[in-house]
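Undergrad: sequence first, then the predicted structure, then my questions.
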Amino acid sequence: MARKVRPRREGTVVVLEHRSHVLADNALGDPHERKLAVWLPPQYDRSAGRRLRRFPVLFDLVGFTGSGLSHLNWRPFSENVGERAARLIHERRMGPVILVFPDCFTALGGNQYVNSSALGRYADYLTRELVPFVDREFRTLASREQRGCFGKSSGGYGALIHGMKYARYWGVIASHSGDAGFDFVYRADWPNTLAELAKYRKRPLRAGRYRLPPLDRLDQGFDDGRGRRFLDSVWSRPKLSSAETHVIMNPIRSTSSADTGGIS
C-alpha cells in the first residue's frame, strides 16, 4: 500500500491506495484500485492524556461527474472542504472530525452510491470495504453513532439511500439538493436525451410505420447501435457538452431507482 502525505497548516491530507474486491470485474471495466483521500484535523496528532485521541468520521459523497479528491483542490476566493472544516473547527462551530473522500467515479461519469448491476456495487464498496478500512488505518471512533455521510446532488441521493438502507453503518446523514422524485423530475428530459441520441442513428427515419424490436429484446436492454456509437464518441473526447452529460445522467438515475427498489 503506497501512502502519500501532504501536510497542511490546517490539517493533513493523506492519500491511500485501496484495492477493492467488490468493484473487481464490474460491467464497465472501471479500475478496482482507487485512491482514497482522508483529511485529518490539526488535533489528530496531539495526545489527550496518556491515550491518543480518537475522532468521529464523515464520508463526503460527491455529485455526478465529480471525484472525492476534487473536494480537496485549491479553490479561488473560496475554501475546499478540508479548509472549511479547519476554519469551522477553529471557530468552535464544529468539533474535530476525520473527513473521507471516496473515489466512486465511473466511465459514465459517476453513480448514485447504490449496488448497480450496470455500474458496480458502490454501496458495498463504501460500507463493507471503505468503512472498516478507514477504521483500521486511522484512529476513528468506530461505531455508527460516530460515523456519518453527506453529499450533494447524486451524493445527496446516496446519503439518503444509505440512511434508509444501510443505517447500521451511519448514525447521521446530510443531503444537499439530493436527487429525488426521478419519475417526475427527469421524465421531461428524456425527449432531449432521445434527440441527442438520434444524431448517432445509422440511417435516418423515414415517414411510415416503424417496426419495434421484440419485447423480450427491449427488456434485455436492446440497443440499435445509437447507444454504443454515442459512448464511443464521448469516450474519445476530453470534454462533454451539457446535452451529452444529461444523456449519460438520465439512464444512471433510472437504473439506480430500479436497483434501490423504486426508492427515489
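TA: Here it is on my side, so go on.

Undergrad: all helices for the protein, in order.
TA: Taking DSSP state H as the criterion, the chain contains helices spanning 81-90, 122-124, 131-137, 154-165, 182-185, 190-197, 215-219, 226-235, 242-259.

Undergrad: please identify the most buried of those.
TA: Scoring those by mean neighbour count under mean count of other C-beta atoms under 10 Å gives helix 154-165 as the most buried, with a mean of 24. C-beta: built from backbone N, CA, C; applies to glycine.

Undergrad: how about that one as PDB, C-alpha atoms only?
TA: C-alpha atoms of helix 154-165 as PDB (Å, rounded to 0.1, in the frame of the first residue of the first chain):
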ATOM      1  CA  SER A 154     -26.100  12.400  -6.700                       C
ATOM      2  CA  GLY A 155     -24.100  12.300  -3.400                       C
ATOM      3  CA  GLY A 156     -27.100  13.700  -1.600                       C
ATOM      4  CA  TYR A 157     -29.200  10.900  -3.100                       C
ATOM      5  CA  GLY A 158     -26.500   8.400  -2.000                       C
ATOM      6  CA  ALA A 159     -26.700   9.800   1.600                       C
ATOM      7  CA  LEU A 160     -30.500   9.500   1.700                       C
ATOM      8  CA  ILE A 161     -30.300   5.900   0.400                       C
ATOM      9  CA  HIS A 162     -27.600   4.900   2.800                       C
ATOM     10  CA  GLY A 163     -29.600   6.500   5.700                       C
ATOM     11  CA  MET A 164     -32.600   4.300   4.800                       C
ATOM     12  CA  LYS A 165     -31.000   1.000   3.700                       C
END
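
Undergrad: ok, residues contacting that helix?
TA: Contact partners of helix 154-165, identified using C-beta atoms under 8 Å, 6 or more residues apart in numbering, comprise 60-64, 66, 110-114, 123, 126-127, 149-151, 169-170, 173-180, 256, 260, 263.

Undergrad: thinking again about what came up before, can you list the helices of the chain in TSV and add mean pLDDT?
TA: As requested, the helices of the chain are arranged in TSV below (pLDDT from 0 to 100):
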stretch	mean pLDDT
helix 81-90	95
helix 122-124	97
helix 131-137	98
helix 154-165	96
helix 182-185	78
helix 190-197	88
helix 215-219	58
helix 226-235	89
helix 242-259	74
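
Undergrad: to residue 74, which of those lies closest?
TA: Across the helices of the chain, the minimum distance to residue 74, taken as C-beta to C-beta, is reached by helix 81-90, at 9.2 Å.

Undergrad: what is that closest one packed up against?
TA: Where contact means 3 or more C-beta pairs under 8 Å, 6 or more residues apart in numbering; DSSP states H and E, helix 81-90 is packed against strand 11-19, strand 33-40, strand 98-101.

Undergrad: who does the last one pair up with?
TA: Spelled out, it's strand 98-101. In its sheet, strand 98-101 lies beside strand 33-40 (antiparallel), strand 57-61 (parallel), with partners assigned from DSSP bridges.

Undergrad: what lies in contact with that strand?
TA: Contacts of strand 98-101 (C-beta under 8 Å, 6+ apart): 36-41, 44, 55-60, 62, 68-69, 71-72, 81-82, 85, 130, 134, 138, 140.

Undergrad: okay then, goodbye and thanks.
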